[in-house]
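A.B. asks: Got a predicted structure plus its sequence, pasted below:
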Amino acid sequence: ISNAIQDKSLLDKTNTDETRRVVSEKLDTNPPKGTRDFYPEDMRLRNWLFDQWRDTARISGFVEYDAPVLESEALYTRKAGEEVTQQLYNFVDKGERAVTLRPEMTPSLARMVMAKKGALPLPFKWFSIPQCWRYERMTRGRRREHFQWNMDIWGVAGEEAEAELIAAMVSFFEGVGLTSEDVGIKVNSRLVIGEVLNELGIPPEKFAATCVLVDKLEKVPVDAIQGELEELGLDRSVVEKLLNVLTNKSIESLRDTLGADSKAVLQLEKFMSLCDAYGIQDWIILDASVVRGLAYYTGIVFEAFDRKGQLRAIAGGGRYDKLLETFGGDSIPAAGFGFGDAVIVELLKERNILPSFEESGIDTVVFAMNEKLFPAAIHAAAALRKAGQSVDLILEAKKSKWVFKHADRLGAKYCLIVGESEYENGEVAVKDLKLGEQVNVKIEELGSWATSQ
Ligand SMILES: CC(=O)Nc1cnc2ccccc2c1
C-alpha cells in the first residue's frame, strides 16, 4: 500500500473507489514468527511422538484432560522473575480482558482443580499434551510455541508420587529405544536450599525467588544477576555458601554437609529407595545443583538430560504443594513434569533411532483404465475400505505410468487396476508394489482379499 501511495502514478490510475481495494501484495506464506506448519510428514512424526506419550500415560494409569490455550493473565502473575512469566504471549482482547496464550499447563490444571472445590476425588493422575506459547522479543530464531507432555499426580504427599512420575518417564524413554546410557535424570530437593537459607537467617518468603535466581546461576555467571541477588538481599557470602552446598553430587556428600537428620537428606534417601524398587536406579543421579526455574516447586525437583551433554534439558518437573495457596485456595499436595516436543526429537535423530515417516500409510491405490470403468473402480475401492484398508482412489483419467509413480511416492503396498478384459471376467488386477507380483482377484472376493493382507 505504502509503495502505491508513494507511487502517485498508480494512485492516479486507480483513483476510483478501487483505491480502497488492498493492492494485492504477494502474500507472506510463512507461518507467524516462531511457529511451525505441520505438513503430512511432519504431522506423522508429531502423531507418533504423541502416541508414545499417550501410550505411556495410559499404561501408567493417567487419564487425559485439556484446557483452553487462552487463559487470564492473572494465572501467571508470579513475582519471582521466572523466564516463563516474563515472556507471556499476552494481549488485551476486545472485551478489554488481559489474556495470554498459556506458557505452561500447570496453572490451568490448578484452576480446574480449584473450580471443583474439593469435589474431585483424590488422588488423581492426569496428563495432557498442550501447545504452550512464549513471546521472546529479540527472538534468536527460537520457537515461540511447543507441545509439552504434562503428567501430574494430585493428592499424594509422599515421594511415592515423584517416583511414579519418573518411572513413567523412564518407560517412555525405554519405549522409544533410549537407555540409561543415553539419558540420565538428575534429582534434588528444594529442601536443601530451604535448610541452607533457614540456617543463614534468610526469611522464607524469599525462598521461591532465590530458587529461580539459583536456577539462572546455573546458566550465567554470578555477575550477570548480581543486581537481582542484591535486590533480594542476598549478599555474596550467602550466595557463595548456597552455591557451595549445591555442588554436592551424591547423597553421601549431601549427608555430610547437611547432617543425617536433615529433612532434605531423609526425603532424598526415601526417594532413592523407591527408585530401587522400580529398578530405575541406573537412570537416577543425585545432583544438588538442580533447582529448576519454576517458582512454585517446593520439594523434590528433577530433570532429564542427554548424557553426552549436547542438548538442553529433555524434561523437568517436581513437587508443588503450595500452588493452590498462591491462587487463594486450600493447598493440595501435587507433583508433575513437563516434557517438550523439541529436544527429544533432536536426541532421537542424533541417536539415529527416530523412525522414518516418509510413507503415507496408504495401503492400496485403485484406478480405472478408462472413464467407463470408473464406477467399477469406485466399487472396488468401497470393498477395500469396508475391510479397513486405506485406499487412494484415482479420481481423474491418468496414464498407468503416472499412477505407478504416484503409488510409489505414497509408499502404497498395492495398486488395484480395473482393466477392460479382467472386468469382463468379473475380476480386477492387483499388483504388489514391493514384490512386483500381480494377481487377478474376483471383485466379490476383494473384501476377504483385503482382510487376508
Ligand atoms: C526448544 C523449544 O522449542 N523450546 C520452547 C519453545 N516454546 C516454548 C513456549 C513456551 C514455553 C517454553 C517454550 C520452550
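C.D. replies: Arrived safely. All values derive from a computational prediction rather than experimental measurement.
A.B. asks: Name the residue of the stretch 151-300 of the chain that lies nearest to the ligand.
C.D. replies: With CB to the nearest ligand atom as the measure, residue 293 is the residue of the stretch 151-300 of the chain nearest to the ligand, at 10.5 Å. Where C-beta positions appear, they are placed from N, C-alpha and C, glycine not excepted.
A.B. asks: Quick check, that residue in contact with residue 83.
C.D. replies: Yes - with contact taken as CB atoms under 8 Å, residue 293 and residue 83 are classed as touching, separated by 6.3 Å.
A.B. asks: Those two: which is more packed in?
C.D. replies: Set side by side, residue 293 and residue 83 show more neighbours around residue 293, with 21 against 14, by other CB atoms under 10 Å.
A.B. asks: could you point out the longest strand in this structure?
C.D. replies: Using DSSP state E, we find that the single longest strand of the chain is strand 145-154.
A.B. asks: Going by contacts, tell me the helices and strands next to that strand.
C.D. replies: With contacts taken as 3 or more CB pairs under 8 Å, 6 or more residues apart in numbering; DSSP states H and E, strand 145-154 sits against helix 40-59, helix 106-115, strand 124-128, strand 131-133, helix 160-175, strand 334-340.
A.B. asks: helix, strand or coil for the residue of the stretch 151-300 of the chain closest to the ligand?
C.D. replies: For residue 293, the secondary-structure state derived from DSSP: H, G, I helix; E, B strand; the rest coil is coil.
A.B. asks: does residue 365 count as helix, strand or coil?
C.D. replies: At residue 365 the chain is in strand, as set by three-state DSSP.
A.B. asks: bridging residues for it?
C.D. replies: Applying DSSP bridges to residue 365 gives these bridge partners: residue 392, residue 415.
A.B. asks: Which pLDDT value goes with it?
C.D. replies: The predicted local confidence for residue 365 comes out at a pLDDT of 98.
A.B. asks: Check the contact between it and residue 417; I expect there is one.
C.D. replies: No - with contact taken as CB under 8 Å, residue 365 and residue 417 are classed as non-touching, separated by 9.3 Å.
A.B. asks: Just the buried residues of stretch 182-202, please?
C.D. replies: Judged by neighbour count using 16 or more other CB atoms under 10 Å, the buried positions of stretch 182-202 are 182-197, 202.
A.B. asks: What's the end-to-end length of it?
C.D. replies: Start to finish, the residues bounding stretch 182-202 are 39 Å apart (CA to CA, to the nearest Å).
A.B. asks: And that stretch, how far out from the chain middle?
C.D. replies: The gap between the average C-alpha position of stretch 182-202 and the chain average comes to 27 Å, counting by CA atoms, centre = their mean, to the nearest Å.
A.B. asks: For the residue nearest the centre of the chain, list each beta-bridge partner.
C.D. replies: When the chain is reduced to its mean C-alpha position, the nearest residue by CA atoms, centre = their mean turns out to be residue 148, at 2.6 Å. On the basis of DSSP bridges, residue 148 is bridged to residue 340.
A.B. asks: Please report how far it lies from the ligand.
C.D. replies: Here the distance between residue 148 and the ligand works out to 7 Å (CB to the nearest ligand atom, to the nearest Å).
A.B. asks: With that, I have no additional questions.
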